[in-house]
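> predicted coordinates and the sequence they were generated for:
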Amino acid sequence: MNNQELFRYVDHTQLKAFATWKDIQKLCDEAVEYQTASVCVPPSYIKRIADTYGEKINICTVVGFPLGYSTTDAKVQEVKNAIADGATEIDMVVNISDVKNGNYDKVEAEIRALREATGNNILKVIIETCYLTEEEKIAMCKAVTNAKADYIKTSTGFGTAGATLEDVILMKNNIGENVKIKAAGGIRTKEDMEAFIEAGCSRLGTSSAVDILVKQANIGEY
């Protein structure tokens with residue numbers, strides 16, 4: 001795949017706790033220049049991005065991030081606030097403790113609540129695969145499918161490990177036909193990007209896409 005095609009899969013990400021407006025502007029300028037799928041940013045920056053960039057950019061944000069153990073009511077309010085500020089995509093983190101306790105119905109109910117709050121906007125569900133057994137991952141595939149979320153996402157990028165091809169393949173084999181896959185965390189090379197797409201990913205979450213595809217390759221044009 002050429003670089004222009006690869007950028008269209010990328011949620012260009014800046015979620016560091018110490019990200020400044022200068023950092024966010026750089027991210028957004030790159031997203032506009034390279035036509036990434038979205039920028040994935042902290043909720044506190046959504047409105048300023050929307051006011052500054054308007055329709056030039058698709059804004060994704062995170063909810064219940066990065067640990068997932070906020071209450072459902074708090075997550076629903078986060079979603080409503082984010083959409084009101086201008087976000088069009090929501091990446092929520094499931095309650096990982098509920099997953100580990102086997103409370104899969106409770107997790108599914110929470111995803112449903114956020115699905116309703118998200119409305120016609122895109123909902124991605126982060127299951128944080130590094131903490132889950134294969135049985136739990138399969139259960140999350142079913143919960144995400146049943147709750148009618150748009151995507152299942154591997155990782156926050158803040159856990160003990162990121163996306164693996166094995167997990168993407170497992171997801172591909174266990175999600176419903178209307179659910180897409182986003183890989184995030186640990187994507188470091190162009191070969192990584194291509195491998196995850198080939199395995200079935202429709203989105204890639206990374207803060208390194210420009211470094212990978214432009215700077216590291218010393219390419220001025222793509």
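Perfect, I can see it now.
> ok, residues contacting the helix or strand that residue 81 is a member of?
In the assignment (DSSP states H and E), residue 81 maps to helix 72-85. Applying CB atoms under 8 Å, 6 or more residues apart in numbering, the contact partners of helix 72-85 are 43, 46-47, 50, 61, 63-64, 70, 90, 92, 109-110, 113-114, 117-119, 121. Bear in mind the C-beta positions are built from the backbone N, C-alpha and C, glycine included.
> again, only using 7 Å
The list of residues contacting helix 72-85 from outside it, by CB atoms under 7 Å, 6 or more residues apart in numbering, reads 43, 46-47, 50, 61, 63-64, 90, 92, 110, 113-114, 117-118, 121.
> what's the answer for stretch 137-151, then?
By CB under 7 Å, 6+ apart, the surrounding residues in contact with stretch 137-151 are 94, 99, 104, 107-108, 111-112, 115, 122-125, 127, 129, 152, 167, 170-171, 174-176, 179-182, 203.
> report the two of the contacts of helix 72-85 separated the most.
50 and 110 (26.6 Å; CB to CB).
> higher neighbour count, the two?
residue 110 (26 against 16; other CB atoms under 10 Å).
> surely that one and residue 96 touch.
No: with contacts counted by CB atoms under 7 Å, residue 110 stays clear of residue 96, the gap being 11.7 Å.
> got the end-to-end distance for stretch 204-215?
Distance between the two ends of stretch 204-215: 18 Å, counting by CA to CA, to the nearest Å.
> for the chain, give me the ranges with low pLDDT.
In the predicted model of the chain, residues 216-222 satisfy pLDDT under 70.
> mind listing the helices for it?
In the chain, the helices defined using DSSP state H lie at 3-7, 21-34, 46-53, 72-85, 96-100, 104-118, 134-146, 165-172, 190-199, 209-210.
> need the contact list for the spatially most central residue of the chain.
Centre of the chain computed as the mean C-alpha position; nearest residue by CA atoms, centre = their mean is residue 91, 4.9 Å away. Residue 91 makes contact with 40, 60, 62-63, 124, 126, 153 under the criterion CB under 7 Å, 6+ apart.
> what's the distance between residue 121 and residue 72?
Distance of residue 121 to residue 72, given as CB to CB, to the nearest Å: 18 Å.
> one more: residue 195?
The value you get for residue 195 to residue 72, if CB to CB is used, is 35 Å.
> ok, the two, which is more surrounded?
When residue 195 and residue 72 are compared for neighbours, residue 72 comes out ahead with 18 against 15, by other CB under 10 Å.
> if I look at that one, how far off is residue 139?
For residue 72 relative to residue 139 (CB to CB), the value is 18 Å.
> kindly report the same for residue 188.
29 Å.
> who has more neighbours out of these two?
Shown here are residue 188 and residue 139; by other CB under 10 Å, residue 139 has more neighbours (20 against 13).
> shouldn't residue 131 be in contact with residue 97?
No: contact criterion CB under 7 Å: residue 131 and residue 97 do not qualify, at 9.8 Å.
> just to revisit the earlier point, I'd like to know which of the contacts of helix 72-85 are buried.
43, 46-47, 50, 61, 63-64, 90, 92, 110, 113-114, 117-118 (16 or more other CB atoms under 10 Å).
> what sits against the residue nearest to residue 79 when sequence neighbours are not counted?
Excluding the flanking residues, the one nearest residue 79 by CB to CB, 6 or more residues apart in numbering is residue 117, at 4.2 Å. Residue 117 makes contacts with 76, 79-80, as judged by CB under 7 Å, 6+ apart.
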